[in-house]
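[1] fold the following for me, if possible:
(chains A and B, ligands or ions: 2)
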Amino acid sequence: MSLTALKNEAIASPVAAKTRSAEIVRLAPARPAVRSNRFAGYAHRAAVVVVPPFIVLVALLGLWELLCSGPGATLPPPSTIWQDSYDLIVSPFFENGSQDIGLGWRVLVSLQRVAIGFGLAAVAGILLGVIVGQSVWAMRGLDPIFQVLRTVPPLAWLPIALAAFRDSNPSAIFVIFITAIWPVIINTAVGVRNIPQDYRNVAQVLRLNPLEFFAKIMLPSAAPYIFTGLRIGVGLSWLAIVAAEMLTGGVGIGFFIWDAWNSSRLSDIIVALVYIGVVGFVLDRLVAGIGAFVTRGTAA
Amino acid sequence: MTAYLKLDHIDKSFARGGAVTEVLKEVSLDIAKGEYISIIGHSGCGKSTLLNIVAGLTQASTGGVILEGREVNAPGPDRAVVFQNHSLLPWLSVYDNVRLAVDKVFAGVKSRAERHDWTLHNLDLVQMGHARSRRPSEISGGMKQRVGIARALAMEPKVLLLDEPFGALDALTRAHLQDSVMQIHAALGNTVIMITHDVDEAVLLSDRIVMMTNGPSARIGEVLEVRLPRPRRRLELVTDPSYLACREAVLKFLYERHRFVEAA
Ligand SMILES: Nc1ncnc2c1ncn2[C@@H]1O[C@H](COP(=O)(O)OP(=O)(O)OP(=O)(O)O)[C@@H](O)[C@H]1O
Ligand SMILES: [Mg+2]
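    Ligands and ions are numbered 1, 2, ... in the order given. The predicted model follows:
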């Protein structure tokens, strides 16, 4: 991508040179020329980002159509999906009764669970990570346990959660929590351990108290690591919620897939998969974007 | 009369695994108020270790540091450090880096507006007022070092500790900053301990030059008094006989009597 951008610059530079020489004669018209030039640059970059995946997508859909149109095909081709699940695809927020609602509503329900579970995991994970990163003894005691627990698959926690909470909604949230917390803890701990000695020295000379140290040195310094952990965590949360909802029921997107499977609506399932993929992608980008915004300048 | 700042029989050894390295041995020095001291010695002899002990960031194995008659063994804003690599916090602007120190040191003493003015005053002192809203990553090495000095000065420290403050800078910037530090020292009368590798810098700035022997077990080899009148101007000094004599004495110490032994 950067290569094409460079090429683009090289192509654009003679034009820029021309407008610059025009500037000497008449200053005013030179500006719009530069702006339209820049606009062309943006358009070009957008095209570079959008066009290749679009072409690949069309090709894949065509291939799929081809493979699944035969008489013995087990999965529906895109054209059938379009007909079968037309209302699900075009209107995400319709409401025709308690179980017949748009996928947008279901995604929102799932997202709400993720927000609670992931929010709790973020807070608890950062605090635990700080403790593990700051104290050698906490690390020696806790780190091996964390390393073992983090390999437990999310759904293996579900029966225990159901037994403990005796209700499906808190259990699903707990599964999110327990899935997302490990990468947050581990990355925060690494970030805290990597705070440069220089910053600690500055804090000591200024006699910052632990709270000030936490807020003014530790969090900003470890922020890139923390956001790496949060980003992994939010991805895992989204993986886990779909699986958990398949088992716990309710109105989430995960249960919708299970329900569709039980009533053999394969087209609906495929539409739901697309929703899940897109939402997961947006979540990832959201956390990455917040991270990039918060940690700007920290890397220097 | 007792000294303002007293380094009292400081020994320092580091234990790693079973091996114990003795870095400093019997370092004693009395420093008067307002004095400018340079410490010079070959790389690895323990200069930074000594400065960190004065700062309280490292504990001496035996002996200690006495400031105004009281022992100090923990870091504090009364002994501000300008670190070798500036140590500005990259997520804060130039202004906020200094303001952090000002807010902490003058929390109950100065009002908000006064703290703001004091921050700007110290940035102006090192001619960095114009770049106050920039991040450390957006300014040059010399500018970062200036901000580091402003942050230290803003704490109104009793002792200013400089660890090779101009080490990473080009000759021109270095000369510029040396002049700034001389002016500030003349105006504020701080007590300063500065580590340097540069003989000219040591002679130009110091009242006394402390020359350390090679480690391990580095000691103070010699203390040279620089009796040049202030204000000093580098161009006039170039041909000044007493300046040249001081310079020669330090060079002789470093390169004749305590030649750096490779991998000793
Ligand atoms: N934390 C430590 N643990 C073990 N040894 C150390 C430690 N800190 C410093 N040393 C050793 O002490 C000696 C002196 O180090 P110091 O950093 O004080 O040297 P220096 O004179 O400042 O050198 P330079 O001029 O290169 O900065 C070195 O040999 C170093 O290996
Ligand atoms: Mg050093």
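[2] mind listing the strands for chain B?
    B:5-16, B:19-31, B:36-40, B:62-67, B:70-72, B:79-82, B:159-163, B:191-196, B:208-212, B:220-225 (DSSP state E).
[3] next up, the contacts around the spatially most central residue of chain B.
    Against the mean C-alpha coordinate of chain B, by C-alpha atoms, centre = their mean, the closest residue is B:Leu162 at 1.9 Å. Under the criterion of C-beta atoms under 8 Å, 6 or more residues apart in numbering or on different chains, the neighbours of B:Leu162 are B:81-82, B:149, B:181, B:192-195. C-betas here are computed from N, CA, C, even on glycine.
[4] tell me the one of those nearest ligand 1?
    Nearest to ligand 1 among these: B:Ile195, at 6.6 Å, using C-beta to the nearest ligand atom.
[5] the closest one: neighbour count?
    23 (other C-beta atoms under 10 Å in any protein chain shown).
[6] how far away is it from A:Glu95?
    74 Å (C-beta to C-beta, to the nearest Å).
[7] one more: A:Phe54?
    Distance from A:Phe54 to A:Glu95, counting by C-beta to C-beta: 32 Å.
[8] do the same with A:Phe214
    With C-beta to C-beta as the criterion, A:Phe214 and A:Glu95 are 46 Å apart.
[9] neighbour-wise, which of these two wins?
    Between A:Phe214 and A:Glu95, A:Phe214 has the larger neighbour count (other C-beta under 10 Å), namely 15 against 10.
[10] in terms of contact, does the more buried one touch A:Val130 like I think?
    Yes: at 7.0 Å, A:Phe214 and A:Val130 qualify as touching, with contact defined as C-beta atoms under 8 Å.
[11] who does B:Met212 form a beta bridge with?
    Counting by DSSP bridges, B:Met212 forms beta bridges with B:Ile220.
[12] run a quick neighbour tally on it.
    Quick note: B:Met212 (other C-beta under 10 Å) scores 24 neighbours.
[13] residues contacting it?
    By C-beta under 8 Å, 6+ apart, the contact list for B:Met212 reads B:39-42, B:45-47, B:50, B:218-221.
[14] so how far is B:Ala131 from the closest residue to ligand 1 within chain A?
    Using C-beta to the nearest ligand atom, the single residue of chain A nearest to ligand 1 is A:Gln197, 9.7 Å away. For A:Gln197, the distance to B:Ala131 under the criterion C-beta to C-beta works out to 26 Å.
[15] ok, now B:Asp11?
    From B:Asp11 across to B:Ala131, the span is 43 Å (C-beta to C-beta).
[16] which one's more surrounded, these two?
    For B:Asp11 versus B:Ala131, neighbours defined as other C-beta under 10 Å are more numerous around B:Ala131 (18 against 15).
[17] what segments of the stretch 151-300 of chain A are helices?
    A:158-165, A:168-193, A:197-205, A:210-213, A:219-248, A:253-262, A:266-294 (DSSP state H, counting those that start in this stretch).
[18] which one of these lies nearest to A:Ala59?
    helix A:266-294 (16.9 Å; C-beta to C-beta).
[19] quick one: work out the angle between that closest one and helix A:219-248.
    Helix A:266-294 runs at 170 degrees relative to helix A:219-248, counting by axes from the mean of the first three to the mean of the last three C-alpha atoms, to 10 degrees.
[20] in helix A:266-294, which residues are buried?
    Of the residues in helix A:266-294, those scored as buried under the neighbour-count criterion (16 or more other C-beta atoms under 10 Å in any protein chain shown) are A:266-272, A:275-276, A:279-280, A:283, A:287, A:291, A:294.
[21] same question for stretch B:175-186.
    Those buried within stretch B:175-186 under the rule 16+ other C-beta under 10 Å are B:175-182, B:184-185.
[22] returning to that earlier point: tell me the most packed of the contacts of B:Met212, by neighbour count.
    Highest neighbour count within these, by other C-beta under 10 Å: B:Leu50, with 30 neighbours.
[23] that one touches B:Ser28, doesn't it?
    No: under the criterion of C-beta under 8 Å, B:Leu50 makes no contact with B:Ser28, lying 11.4 Å away.
[24] what do those two both touch?
    With contacts defined as C-beta under 8 Å, 6+ apart, the residues adjacent to both B:Leu50 and B:Ser28 are B:7, B:10.
[25] what's the longest helix in chain A?
    For chain A, the helix that runs over the most residues, judged by DSSP state H, is helix A:30-68.
[26] same for it, what does it pack against?
    Contact partners of helix A:30-68 among helices and strands, from 3 or more C-beta pairs under 8 Å, 6 or more residues apart in numbering or on different chains; DSSP states H and E: helix A:2-25, helix A:78-84.
[27] tell me how far the closest residue in space to B:Val250 that isn't next to it in sequence lies from A:Ile226.
    Counting by C-beta to C-beta, 6 or more residues apart in numbering or on different chains, B:Val199 is the residue found nearest to B:Val250 once chain neighbours are left out, at 4.9 Å. Shown here: B:Val199 relative to A:Ile226, a distance of 47 Å by C-beta to C-beta.
[28] who has more neighbours out of those two?
    Each of B:Val199 and A:Ile226 had its neighbours counted (other C-beta under 10 Å), and the higher figure belongs to A:Ile226 (27 against 20).
[29] spit out the contact partners of the closest residue to that one other than its chain neighbours.
    In space, not counting the residues next to it along the chain, A:Ile226 is nearest to A:Thr188; the distance is 5.1 Å by C-beta to C-beta, 6+ apart. Neighbour list for A:Thr188: A:125-126, A:128-130, A:132-133, A:222, A:225-226, A:229 [criterion: C-beta under 8 Å, 6+ apart].
[30] looking at those, which is nearest chain B?
    A:Ala222 (11.1 Å; C-beta to the nearest C-beta).
[31] the closest residue to that closest one other than its chain neighbours and A:Ser237, how far apart?
    Nearest residue to A:Ala222 in three dimensions, chain neighbours excluded: A:Gly191, at 3.0 Å (C-beta to C-beta, 6+ apart). Computed with C-beta to C-beta, the distance linking A:Gly191 and A:Ser237 is 20 Å.
[32] so which of these two has more stuff around it?
    A:Ser237 (28 against 24).
[33] do you know how far the more buried one is from B:Glu138?
    A:Ser237 is 37 Å from B:Glu138, by C-beta to C-beta.
[34] do you know the pLDDT at B:Ser43?
    Per-residue pLDDT puts B:Ser43 at 88.
[35] pull the number of nearby residues for it.
    For B:Ser43, the number of neighbouring residues by other C-beta under 10 Å comes to 9.
[36] now A:Leu103
    As a burial measure, A:Leu103 scores 24 neighbours (other C-beta under 10 Å).
[37] just checking, it touches A:Val274?
    No: using C-beta under 8 Å, A:Leu103 and A:Val274 do not qualify as a contacting pair, with a distance of 9.2 Å.
[38] which residue is the nearest non-sequential neighbour of A:Pro196?
    A:Ser221 (7.4 Å).
[39] I am finished for the moment; much appreciated.
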